[in-house]
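1. Okay, sequence plus prediction incoming.
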Amino acid sequence: MDILDKPVEELTHTELRFWVKTKYNDDTGCVEWDTPARRGGYPSFYYKNDIEAAHRVAYELVHGEIPEGGAILHRCDNRICLHPRHIRHGTKSENTREMYERNDECGLSPCEVREIKRLRDEEGLTYEELGDRFGLHCRTIGRIIRGETYAWVDDIE
Ligand SMILES: [Zn+2]
């Protein structure tokens, strides 16, 4: 793959395992993950004994290790893109802002997320009760409460 500036025979096992899952999009010039990602989500890849967002892996494979707390941002605004020249290193607050602007995950506003956490903490509502009130699955509520989604809400004013 010529985007890598490296002949295929010099790629490591991990690099091959990763890039074989991607395909070049002639229309956009992006290199995209070849397996559909969860709706609105980033594709993920098993890397260094963990599940990692594929664009972060792409960055590490080509540009080297991401500094602690570093965020990898898309220049092309195509979240399934893994083109080494379409992703760049940015600060955590840039990333927070970007996520906020996209308002991804299940479309809740920061206020709603805070309200869910408040109702859980102060009024002890169950995941099911919260789910009914906000029209979400109780597992979705669980992820919000545990900070697996919407953790960025705590980073903004
Ligand atoms: Zn791209």
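-> Perfect, I can see it now. Numbering: from 1, shown residues only.
2. which residues sit in contact with Ala71?
-> By CB atoms under 8 Å, 6 or more residues apart in numbering, Ala71 lies in contact with His89, Gly90, Thr91, Lys92, Glu94, Asn95. For glycine as for every other residue, the C-beta is placed from the backbone atoms N, C-alpha and C.
3. Could you pull up the residues touching the fourth one?
-> Same thing as Lys92. Gly69, Gly70, Ala71, Asp155.
4. Which one of those residues is nearest to the ion?
-> Of all those, Ala71 has the smallest distance to the ion: 16.6 Å, by CB to the ion.
5. Next one: the closest one from Ala54, what distance?
-> Counting by CB to CB, to the nearest Å, the gap from Ala71 to Ala54 is 15 Å.
6. which intervals of this structure have sub-threshold pLDDT?
-> 1-2, 36-41, 95-106, 156-157 (pLDDT under 70).
7. Those residues of the chain touching the ion, which are they?
-> In this structure, the chain approaches the ion at residues Cys30, Cys76, Asn78, Cys81, His83, His86, judged by CB under 5 Å from the ion.
8. Who's the closest spatial neighbour of the last one, skipping the chain neighbours?
-> Same thing as His86. Cys76 (4.3 Å; CB to CB, 6 or more residues apart in numbering).
9. do you know how far the one you found is from Glu65?
-> 23 Å.
10. neighbour-wise, which of these two wins?
-> Cys76 (13 against 8; other CB atoms under 10 Å).
11. Show me the strands in this structure, by range?
-> Ranges of strands in the chain, per DSSP state E, are 22-24, 31-33, 44-47, 50-53, 71-74, 87-90.
12. Give me the contacts around the last one.
-> If I follow you right, that is strand 87-90. 55, 58-59, 63, 66-67, 70-75, 81.
13. Any figure for the gap between the closest residue to Ile145 other than its chain neighbours and Phe18?
-> Residue nearest to Ile145 in three dimensions, not counting chain neighbours: Arg120, with 5.5 Å by CB to CB, 6+ apart. Going from Arg120 to Phe18 by CB to CB gives 38 Å.
14. and if you look at Arg85?
-> From Arg85 to Phe18 the distance is 16 Å (CB to CB).
15. ok, longest helix in this structure?
-> Taking DSSP state H as the criterion, the chain has its longest helix at helix 110-123.
16. Restricting to C-alpha, output it in CSV.
-> Presented in CSV, the C-alpha positions along helix 110-123 are these (Å, rounded to 0.1, in the frame of the first residue of the first chain):
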residue,chain,number,x,y,z
PRO,A,110,-24.6,17.5,28.2
CYS,A,111,-27.5,18.7,30.4
GLU,A,112,-29.4,15.5,29.9
VAL,A,113,-26.3,13.5,30.7
ARG,A,114,-25.8,15.5,33.9
GLU,A,115,-29.5,15.0,34.8
ILE,A,116,-29.2,11.2,34.3
LYS,A,117,-26.1,11.2,36.7
ARG,A,118,-27.9,13.4,39.2
LEU,A,119,-31.0,11.3,39.3
ARG,A,120,-28.9,8.2,39.8
ASP,A,121,-26.7,9.8,42.5
GLU,A,122,-29.2,11.9,44.4
GLU,A,123,-32.5,10.1,43.9
